[in-house]
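Q: Following is a predicted model, sequence given first.
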Amino acid sequence: MKYAINHVHIRAADPRKTAAWYVEYFDAAIRSDREVMPGTITVSLEVGGPVRLNISSQPEGSSDERGSAELNRLGLEHFGFDVSDLEEELNRLGNAGIRVVLPLTEVVGGAKLAYVEGPDDVLIELVQPPA
């Protein structure tokens, strides 16, 4: 059987507010906003590729334990977006007050990467592929 990633899923205190952040800073498009599981809403976003980004509220009675937007933690550490000009993106996001976790770093092979913190303690990698 062949597998493909269907979506990345984030839990948020306010999924609509979090979705609006991705719309503003990463040109995401909201594709649906509905109750999927009883008592929760899920906002599904398209962000330039075949993998959806789903943002859901927490079911009543869920743990309030939060993740961590830090590098090198166990579990799902981050997800990434390709960008065409990493320096420009970091300037734009930094000017908006978004925390840069790891500044622009060149890696073996010529790619450039950086990490920023998104809402709900989510770590986001920005990758500029090699020229």
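A: Looks like it arrived, so ask away.
Q: contacting residues around residue 84?
A: Counting by Cβ atoms under 8 Å, 6 or more residues apart in numbering, residue 84 makes contact with residue 128. For every residue, glycine as well, the C-beta is placed using N, CA and C.
Q: Need the pLDDT of it.
A: Residue 84 is assigned 95 on the pLDDT scale.
Q: How about residue 100?
A: Looking at residue 100, its pLDDT reads 97.
Q: Repeat that for residue 80.
A: Reported pLDDT for residue 80: 94.
Q: With residue 121 instead?
A: 92.
Q: Phi first, then psi, for it.
A: For residue 121, the backbone dihedrals (degrees, to the nearest 10) come out as phi 60, psi 40.
Q: what about it, neighbour count?
A: 13 (other Cβ atoms under 10 Å).
Q: Now do the same contact list for it.
A: For residue 121, the contacting residues are 66-69, by Cβ under 8 Å, 6+ apart.
Q: For it, give its distance to residue 71.
A: 13 Å (Cβ to Cβ, to the nearest Å).
Q: Check which helices and strands the longest helix seen in the chain is in contact with.
A: Longest helix of the chain, by residue count under DSSP state H: helix 15-26. In terms of contacts (3 or more Cβ pairs under 8 Å, 6 or more residues apart in numbering; DSSP states H and E), helix 15-26 is packed against strand 29-35, strand 41-46, strand 52-56, strand 112-118.
Q: As JSON lines, those with mean pLDDT and distance to residue 13 would be great.
A: JSON lines is the format used below for the helices and strands packed on helix 15-26 (pLDDT from 0 to 100; distance: least, Cβ to Cβ, whole Å):
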{"stretch": "strand 29-35", "mean pLDDT": "96", "distance to residue 13": "16"}
{"stretch": "strand 41-46", "mean pLDDT": "96", "distance to residue 13": "12"}
{"stretch": "strand 52-56", "mean pLDDT": "95", "distance to residue 13": "11"}
{"stretch": "strand 112-118", "mean pLDDT": "96", "distance to residue 13": "13"}
